[in-house]
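In: Here's a sequence, model it:
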Amino acid sequence: KRELEQASSLQSVLENEGLEEDLSSLIQTIAQAAISLAGDISLDAGGNDSAGNGRVRWDSLEQTAVDTFTKALVDSGLLFAGVSDFQDTLIVPEPHLCGPFVVAFDPMDGCAEMDSGASPGSIFGVFRMPELRARLVKEGVDQPHVCDVLRRPRDQVAA
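Out: Just a heads-up that it's a prediction; the model follows:
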């Protein structure tokens with residue numbers, strides 16, 4: 001019930017802001033993935049590496065976060081490309097699933113500080129990239145390179 005209330009509240013805010021439908025849908029997709037991921041975030045007594053410092057647990061949790069957000073973004077049909085600080089390669093959906101947005105994200109910022117009671121967060125930068133898609137099609141390039149999607153912060157349409 002609480003998840004439904006949160007989603008309804010977010011939708012109301014986005015409607016009041018007058019955002020374009022595709023951007024509003026993308027933001028809702030990210031929010032739903034975050035709500036889903038929140039259920040996976042819990043501290044437990046196990047999961048430490050051999051030194052007992054929790055690194056294995058946090059790496060596993062961060063990978064779960066990357067997987068959760070990647071799946072949601074790709075399945076939305078709104079992602080042109082994604083880049084995460086936890087992955088070495090660009091996230092690129094199949095060509096028929098590509099959308100208009102590039103999303104840069106840190107899925108679990110502050111994850112390593114969870115042992116001290118700090119809450120992790122997720123950071124997103126959203127860019128609309130129609131000129132990139134057109135250029136790549138014109139050049140006959142199947143997939144963008146990470147250099148193609150690096151942009152200045154002022155070019156963001158949402159964060």
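
In: hey, let's count contacts and neighbours off CA atoms from now on
Out: OK.

In: Quick check: what element follows the worst-scoring helix or strand of the chain on mean pLDDT along the chain?
Out: Across the helices and strands of the chain, mean pLDDT, DSSP states H and E gives its lowest value to helix 2-17, namely a mean of 72. Using DSSP states H and E, the next helix or strand after helix 2-17 towards the C-terminus is helix 21-38.

In: Just the residues contacting that following helix, thanks.
Out: 3, 7, 10-11, 14-15, 65, 68-69, 72-73, 76, 78 (Cα atoms under 8 Å, 6 or more residues apart in numbering).

In: Strands of the protein, start to end?
Out: Assigned by DSSP state E, the strands in the chain fall at 79-84, 101-109, 121-128.

In: most neighbours per residue, which of those strands?
Out: strand 79-84 (a mean of 24; mean count of other Cα atoms under 10 Å).

In: how far does stretch 29-43 sit from the chain's center?
Out: How far stretch 29-43 lies from its chain's middle: 11 Å, per Cα atoms, centre = their mean, to the nearest Å.

In: buried stuff in it?
Out: 29-34, 37, 41 (16 or more other Cα atoms under 10 Å).

In: before we move on, what about stretch 14-33?
Out: 14, 23-33.

In: And the buried residues of stretch 29-43, which two are furthest apart?
Out: Greatest spacing in those, by Cα to Cα: 29 and 41 (18.7 Å).

In: CA atoms only for the helix ranked longest in the chain, dumped as CSV, please.
Out: Under DSSP state H, the helix in the chain containing the largest number of residues is helix 55-76. Output in CSV follows, covering the C-alpha atoms of helix 55-76 (Å, rounded to 0.1, in the frame of the first residue of the first chain):
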residue,chain,number,x,y,z
ARG,A,55,33.4,-5.5,1.2
VAL,A,56,32.0,-8.7,-0.3
ARG,A,57,28.5,-7.8,0.9
TRP,A,58,28.7,-4.3,-0.4
ASP,A,59,30.0,-5.3,-3.8
SER,A,60,27.2,-7.9,-4.1
LEU,A,61,24.6,-5.3,-3.0
GLU,A,62,26.0,-2.7,-5.5
GLN,A,63,25.8,-5.3,-8.3
THR,A,64,22.2,-6.1,-7.3
ALA,A,65,21.5,-2.3,-7.6
VAL,A,66,23.1,-2.1,-11.0
ASP,A,67,21.2,-5.1,-12.2
THR,A,68,17.9,-3.8,-10.8
PHE,A,69,18.2,-0.3,-12.4
THR,A,70,19.7,-1.6,-15.6
LYS,A,71,16.8,-4.1,-16.1
ALA,A,72,14.2,-1.4,-15.3
LEU,A,73,15.8,1.2,-17.7
VAL,A,74,16.2,-1.3,-20.5
ASP,A,75,12.7,-2.7,-20.1
SER,A,76,11.2,0.8,-20.1
